[in-house]
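Q: Output the structure for:
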Amino acid sequence: MGIELPETAPNKLIDYLGLLSHWNRAFNLTAIRNSDEMLSKHLLDSIGVLPYIGGGLILDVGSGAGLPGIPLAIAMPQNRFVLIDSNGKKTRFLTQARITLGLDNVEVVNQRVEAYSPMKDDHRIYFDAVVARAYASSNEIIKNTAHLHKPETRILIMQGKLDESIDVPGYVLKQSHTLNIYGLDAERHLLEIEKTH
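A: This is a model prediction of the structure:
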């Protein structure tokens, strides 16, 4: 896929898949059980958005089992990631994965994103990038996270079947990308959405 990873990343990514596979038996974190399928449909799919993420503070909305947030945090140790999900079972797994994999650049939040208003030193925190793996429609994702965007926030929505219809005032589709994921025989797309005011 032509993506360069830090030296420690391949082993950590494999360890993450092992954890996911182990926890999946008891917690049903993902419908995919086969480890080869997990590799292409989860791991490589997540890493496929790496060139579009940029730097800074990144929010993975509806992170679920940590996709794409954990693979991206492993691949980009210089960036900070917040993984948010309202499902307590899933955030318990994310917390365990963060500890086991030594991901000091990851924070896990168990909350609905609409109610999430992070603060630091009495100032609101806004994100440099918001990424979501199409847990809802693109319009819903934009509306649910709008209070976390600053004008230059990169909004990245991963999709299977391409749907470029953006109908939220103040937001436009900047570009859509077709992702070629090694070993994945399915459509994968990424929408880059821009805040216009």
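
Q: give the contact list for I3.
A: 47, 50-51, 75 (Cβ atoms under 8 Å, 6 or more residues apart in numbering). Quick note: C-beta positions are derived from backbone N, CA and C, even for glycine.

Q: which two from those end up farthest apart in space?
A: P51 and A75 (10.7 Å; Cβ to Cβ).

Q: which stretches of the chain aren't confidently modelled?
A: 1-2, 28-29, 31-42, 134, 181-186 (pLDDT under 70).

Q: could you pull out the strands for it?
A: 57-61, 80-85, 106-110, 119-120, 123-124, 127-132, 149-159, 171-178, 189-195 (DSSP state E).

Q: need these in TSV with distance to S21 and mean neighbour count, can you?
A: Shown next, in TSV, are these (distance: least, Cβ to Cβ, whole Å; neighbours: other Cβ atoms under 10 Å):
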stretch	distance to S21	mean neighbour count
strand 57-61	20	25
strand 80-85	19	24
strand 106-110	20	21
strand 119-120	36	8
strand 123-124	38	10
strand 127-132	23	23
strand 149-159	22	19
strand 171-178	29	14
strand 189-195	26	19
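
Q: can you tell me which of the contacts of I3 lies nearest to P169?
A: Nearest to P169 among these is P51, at 29.2 Å by Cβ to Cβ.

Q: Sounds good, over and out.
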